[in-house]
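[1] next come a sequence and a model predicted from it.
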Amino acid sequence: MDEQQMSQDYEHAEALARTGFWGSRGAGAIVMARSSGRILLAHRSLAVEQPGTWGCWGGAIDRDEDPIAAVHRELQEEAGYEGAILETRPLFVFRKENFSYENFLIIIEDEFTPSLNWESQNAVWFDVGDWPAPLHFGLDSLFADEASSRTISESR
């Protein structure tokens, strides 16, 4: 790990102590395969916050990083995805006090088999609306958001 990454991890850990969230800003994405219309969700490992819940791919936004660049990076780090991203559409933004988490819908051409890191214990492609349980509270909020649900449905 280089010095810059260590510094950013330290900043994210300080934010966890201050806000209860890893980082002061976060970004995540659900992934839709255009060919099937299905959504890829991550089943969170026991080593992360909210373990055993189903969530999106994402995490803290590094200093001077754009939220879209952050979700593209997180998708590569957490799911091993290196293919083409056709579209990245904004969804629900979760806010709590001084913390915000921007959600996106990433559209790719075809389903793939993720190469998971330590943050996820599984990943499954789901039909829209046929969500697993328990959902991470953030993903539950995203799916409850009317505008986000409309964007997801219209993207199939």
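    In hand now; what should we look at? Numbers count the residues shown, from 1 in each chain.

[2] what number of residues lie near the nearest residue to residue 118 once chain neighbours are set aside?
    Once flanking residues are discounted, residue 118 sits nearest to residue 47: 5.7 Å by C-beta to C-beta, 6 or more residues apart in numbering. (C-beta placed from N, C-alpha, C; glycine too.) Counted by other C-beta atoms under 10 Å, the residues lying close to residue 47 total 10.

[3] this protein: helices as residue ranges?
    In the chain, helices defined by DSSP state H lie at 3-19, 67-79, 137-144, 146-154, listed in chain order.

[4] just for this structure, where's the confidence low?
    Scanning the chain with the threshold set as pLDDT under 70 gives 1-23.

[5] pretty sure the residue nearest to residue 118 sits against residue 117.
    No. Using C-beta atoms under 8 Å, residue 47 is not in contact with residue 117, being 10.1 Å away.

[6] wait, residue 142 touches residue 101, no?
    No. Contact between residue 142 and residue 101 fails when scored by C-beta under 8 Å: they sit 9.5 Å apart.

[7] what do those two both touch?
    Applying C-beta atoms under 8 Å, 6 or more residues apart in numbering, one finds that residue 142 and residue 101 are jointly contacted by residue 94.

[8] run through the residues that contact residue 121.
    Applying C-beta under 8 Å, 6+ apart to residue 121 gives the contacts 43-46.

[9] of these, just the buried ones, PyMOL syntax please.
    Buried residues within those, by 16 or more other C-beta atoms under 10 Å, are selected in PyMOL with:
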select buried, resi 43+44
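
[10] would TSV of the contacts of residue 121 with distance to residue 58 be doable?
    Output for those, formatted as TSV (distance: C-beta to C-beta, whole Å):
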residue	distance to residue 58
43	14
44	11
45	15
46	18
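
[11] of the contacts of residue 121, which belong to strands?
    Among these, the members falling in strands (DSSP state E) are 43-44.

[12] among the contacts of residue 121, which one sits closest to residue 147?
    Closest approach between the contacts of residue 121 and residue 147, by C-beta to C-beta: residue 44, at 25.1 Å.
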